[in-house]
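Undergrad: Fold the following and give me the result.
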Amino acid sequence: MVKFELKETATTPFINFDHTIGVIKMEGRSIPENVIDFYQPILRWIDEYAQNPLPETLVHMKFEYFNTSSSKRIFDIMKKLEKMAIDTGTKVTINWYFEEDDEDIYFAGNDYKALINKVEFNLIELKQN
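TA: Residues are numbered from 1 along each chain as shown. From the prediction side, this is the model:
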C-alpha cells in the first residue's frame, strides 16, 4: 500500500491519505468535471486500507465548496470508513471543518453526522481572524 496524494486544483480538493499514520485529509473545492473518475481511486484506496487499518484513523474534511455529485462521493467515503470501524474495531474520528459564516458546509456536516453514527464525528468551527 502506498500513500495517496493529489494536489488541489481549481475544481478538485487536496487529498492526502497516509496509511502509515492513519490520517486522511481532504481540503478545498470539489466540483470535478467527472466525479466518478475523480473519486474512484480514492474509494479504492480506502477499500485497500480497510483490509489492514491502523487501530485509529483520523479524517480531516475541510471543504470550501462541493457540488451535489461530490456530496454523494463524500458520503460514500464516510460509509466505507464507518463500515471499516464496525468490521475491524478501528476507532475512526471524522473532523468536519466549516468557516463560522458558512452555513452550507455546516449544515452538510450536520446531515452527514446524523447519517454516520458508528464513528466519532466532530463539527469544528473555524474562526476568521
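Undergrad: Could you list every helix and strand that the biggest helix by length in the chain packs against?
TA: In the chain, assigned by DSSP state H, the helix with the most residues is helix 68-88. Applying 3 or more C-beta pairs under 8 Å, 6 or more residues apart in numbering; DSSP states H and E, one finds that helix 68-88 contacts strand 23-30, helix 35-50, strand 56-66, strand 91-99, helix 103-115. Bear in mind the C-beta positions are built from the backbone N, C-alpha and C, glycine included.
Undergrad: Just give me the residue right at the centre of this protein.
TA: Against the mean C-alpha coordinate of the chain, by C-alpha atoms, centre = their mean, the closest residue is M61 at 4.9 Å.
Undergrad: That one: what's it in contact with?
TA: M61 is in contact with 26-27, 74, 94-97, 109, counting by C-beta atoms under 8 Å, 6 or more residues apart in numbering.
Undergrad: D87 is in contact with Q51, isn't it?
TA: No - using C-beta atoms under 8 Å, D87 is not in contact with Q51; the gap is 9.9 Å.
Undergrad: Which residues are in contact with each of these two?
TA: With C-beta under 8 Å, 6+ apart as the test, D87 and Q51 reach no residue in common.
Undergrad: any low-confidence regions in the protein?
TA: 129 (pLDDT under 70).
Undergrad: how does it look with 80?
TA: 128-129 (pLDDT under 80).
Undergrad: next one: stretch 85-93 to chain centre, how far?
TA: Here stretch 85-93 is found 15 Å from its chain centre; the criterion is C-alpha atoms, centre = their mean, to the nearest Å.
Undergrad: Sweet, I'm off.
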